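Colleague: Have a look at this fold, sequence not included:
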C-alpha cells in the first residue's frame, strides 16, 4: 500500500465526522446548483426573458441567460460555499501543526490536456463578430453554415493578426540581436 493511501486512511480515521460532513455538504451543493439552474431556466422562459424555443434564441439571449445564471449561482450557491470553505479552512488551521504537516495530500499535478481557453476565446470572438455584423438579436436558427464558417475564418484571421504581428516583431528583434552578437 502506498504512503498516499495510508495518509488518507489515517486522516479518515481521525476525522471521519468531518469527512462525512464534507461529503454530505458537497452532495447538497451539487443538488442545490442543479435546482438553482432549473429554477432560473423555468423562470426565464415563463417570464419571457428568453424564448421557449431554442431555435429562436439570439446570441444576446444566450449571453444574457448565461450571465444571469452565473449571477444567481454565485448568489445562492457560491456565497454559502465560500462561507463553508472559510469554515473548513478555519477548521484545518485549528488542527495541530504536527498533524497538518503529516498529511501530504498531493496527487498528480496539473493535467496536460485541455484547450487552454482557446475554445472560449473563439466563442468570445464569434460573439463580437455577430455583434459587429448587427446579428446580435437575430435567432441563431437563421444563421447559415456559410455565415458561421465565414465568421470562423475571419476569427482565425483576427487571431493571426493579434498573435502574428507581435510574434513577427519579437522574432525580428531576436534575430537582429543575435546578428549583432560577435561570433563565438
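Modeller: Looks like it arrived, so ask away. These figures come from a predicted structure and were not determined experimentally.

Colleague: Tally up the residues packed near residue 102, please.
Modeller: 12 (other C-beta atoms under 10 Å). Any C-beta I mention is one placed from the backbone N, CA and C, and that applies to glycine too.

Colleague: close enough to count as contact, it and residue 96?
Modeller: No - using C-beta atoms under 8 Å as the test, residue 102 is too far from residue 96 to be in contact (9.4 Å).

Colleague: Sketch out the low-pLDDT regions of the protein for me.
Modeller: Along the chain, segments meeting pLDDT under 70 span 1-6, 8, 104-115, 184.

Colleague: Show me where it has its strands.
Modeller: Taking DSSP state E as the criterion, the chain carries no strands.

Colleague: domain parsing for it?
Modeller: Following automatic domain parsing, the chain resolves into domains at 1-107, 111-184.

Colleague: and the longest one, how far from the chain's centre?
Modeller: Which is domain 1-107. 14 Å (C-alpha atoms, centre = their mean, to the nearest Å).

Colleague: what comes into contact with stretch 20-38?
Modeller: 69, 72, 73, 76, 77, 80, 81, 84, 88 (C-beta atoms under 8 Å, 6 or more residues apart in numbering).

Colleague: Mind doing that once more with 7 Å?
Modeller: Stretch 20-38 has contacts (C-beta atoms under 7 Å, 6 or more residues apart in numbering) with 69, 72, 73, 76, 77, 81, 84.

Colleague: Tell me how far the third one lies from residue 41.
Modeller: Think residue 73. For residue 73, the distance to residue 41 (C-beta to C-beta, to the nearest Å) stands at 12 Å.

Colleague: ok, now the fifth one?
Modeller: According to C-beta to C-beta, residue 77 and residue 41 sit 15 Å apart.

Colleague: So for the two, which sits in the more crowded spot?
Modeller: Legend: neighbour count by other C-beta under 10 Å for residue 77 and residue 41, higher for residue 77 (18 against 14).

Colleague: Count the neighbours of the nearest residue to the more buried one once chain neighbours are set aside for me.
Modeller: Distances taken as C-beta to C-beta, 6 or more residues apart in numbering put residue 33 closest to residue 77, at 5.0 Å, once the chain neighbours are dropped. The number of residues packed near residue 33 is 15, by other C-beta under 10 Å.

Colleague: now swap in residue 130 and tell me
Modeller: When neighbours are counted by other C-beta under 10 Å, residue 130 comes out with 23.

Colleague: contacting residues for the closest residue to it other than its chain neighbours?
Modeller: Leaving aside its sequence neighbours, residue 130 sits nearest to residue 59 (C-beta to C-beta, 6+ apart; 4.7 Å). For residue 59, the contacting residues are 127, 130, 136, 140, by C-beta under 7 Å, 6+ apart.

Colleague: if you set the cut-off to 6 Å instead, what comes out?
Modeller: 127, 130, 136 (C-beta atoms under 6 Å, 6 or more residues apart in numbering).
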